[in-house]
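Trainee: prediction below, plus the sequence it came from.
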Amino acid sequence: VIVSGFDPVRREIARQSLDKLIADGRIHPTRIEEIVAETKTEIEQFIRTKGEEAVQEADVGGLHERLTYMLGRLHFRTSSSQHVLRHSMDVAYGSGMLAEMIRMDEIGLNGMLARRCGLLHDIGKAADHEMEGGHPKIGADMLKRHGESPEVVHAAFGHHDEIITEYPYTMLVATADACSASRPGARRETLERYIKRMEELETIAGGFPGVEQAFAIQAGRELRVIASSKDTDDAKASKICRDIAKAFEEQLTYPGEIKVTVVRESRFTEMAR
């Protein structure tokens with residue numbers, strides 16, 4: 001039996017319900033509804049427990065009940081096969097340690113605030129199947145609605161370099177996020193698949209007219225494209241950027257998002273003798 005769906009919590013409810021029904025043997029409409037309702041209640045309590053454990057382990061106090069619940073939902077979420085709740089804990093620890101180290105240099109960063117930023121940076125992934133937009137924006141909106149500080153909101157919104165960094169905590173979170181995602185064994189992907197994916201990105205982009213070079217960076221989460229200044233103008237460069245992003249959506253299967261940046265540059269050199 002294959003259980004599929006966009007909501008990881010509903011998938012888990014369905015999986016556990018099937019296990020119980022098969023073990024019970026009484027599979028009829030009324031019993032199915034009873035088991036599903038019972039399992040849903042158990043999962044809801046399990047989610048709250050996991051969220052509370054994460055908050056306690058990261059030593060982050062004063063978190064809104066709804067945010068604690070959404071943290072618990074991350075227990076059932078993976079990203080490139082990496083467990084998102086454990087990843088969030090990694091980023092919380094890493095951000096906190098970086099802040100403590102920098103504090104010793106008298107810049108004055110707060111380790112507790114850094115841990116809070118790290119713990120909540122991916123909270124948008126708990127609801128990105130329900131709402132439009134990427135998880136950074138969804139998470140930032142959620143945190144803002146529940147009274148989190150501007151530093152925490154900005155860290156969620158900007159940890160993938162989507163906006164200009166206004167707070168040092170965003171850079172700490174981005175650094176810890178990259179370390180957690182790239183450590184050995186964090187994401188189950190063979191070297192061959194990794195290289196193939198990077199080559200596919202560069203090959204697709206290189207096939208567009210006016211493109212001189214294409215470089216996949218950040219483990220394939222971003223593509224930098226160098227457009228010919230002779231063969232393209234600004235309008236053409238903008239169209240190339242849109243067309244490449246559309247080609248990725250149509251031709252590739254990938255987790256998350258791929259940021260495409262097209263650079264068109266003119267250089268002039270003269271020698272004075």
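Mentor: Received it, and whenever you're ready, just let me know what you need.
Trainee: please enumerate the strands of the protein.
Mentor: Under the criterion DSSP state E, strands of the chain are mapped to 78-79, 82-83, 211-217, 222-227, 259-264.
Trainee: using CSV, lay out the ones you listed together with mean pLDDT and distance to V91.
Mentor: Placement of C-beta: from N, CA and C, glycine included. Below are the strands of the chain laid out as CSV (pLDDT from 0 to 100; distance: least, C-beta to C-beta, whole Å):
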stretch, mean pLDDT, distance to V91
strand 78-79, 80, 12
strand 82-83, 84, 11
strand 211-217, 89, 20
strand 222-227, 90, 19
strand 259-264, 90, 20
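Trainee: okay, those, which one's buried deepest?
Mentor: Comparing the strands of the chain by mean neighbour count (mean count of other C-beta atoms under 10 Å), strand 222-227 ranks first with a mean of 20.
Trainee: give me the sheet partners of that one and which way each runs.
Mentor: strand 211-217 (antiparallel), strand 259-264 (parallel) (DSSP bridges).
Trainee: what sits up against the last one?
Mentor: Identification of contacts with strand 259-264 by C-beta atoms under 8 Å, 6 or more residues apart in numbering yields 160-161, 205, 221-229, 232-234, 237-238, 240-241, 244-245, 248.
Trainee: out of these, which end up buried?
Mentor: Neighbour-count burial (16 or more other C-beta atoms under 10 Å) applied to these gives 160, 205, 221-227, 232, 237, 240-241, 244-245, 248.
Trainee: what's the farthest-apart pair in those residues?
Mentor: The distance between the two most remote of the buried ones among the contacts of strand 259-264 (C-beta to C-beta) is 27.0 Å, for H160 and T232.
Trainee: circling back: between the buried ones among the contacts of strand 259-264, which sits nearest Y69?
Mentor: Nearest to Y69 among the buried ones among the contacts of strand 259-264, with distances taken as C-beta to C-beta, is H160, at 24.3 Å.
Trainee: for the closest residue to that closest one other than its chain neighbours, list the residues it contacts.
Mentor: Leaving aside its sequence neighbours, H160 sits nearest to P136 (C-beta to C-beta, 6 or more residues apart in numbering; 5.8 Å). Residues near P136 by C-beta under 8 Å, 6+ apart: G124, A156, F157, G158, H159, H160, E162.
Trainee: what sits against the third one?
Mentor: This means F157. P136, K137, G139, A140, I163.
Trainee: distance of I22 from V36?
Mentor: 14 Å (C-beta to C-beta, to the nearest Å).
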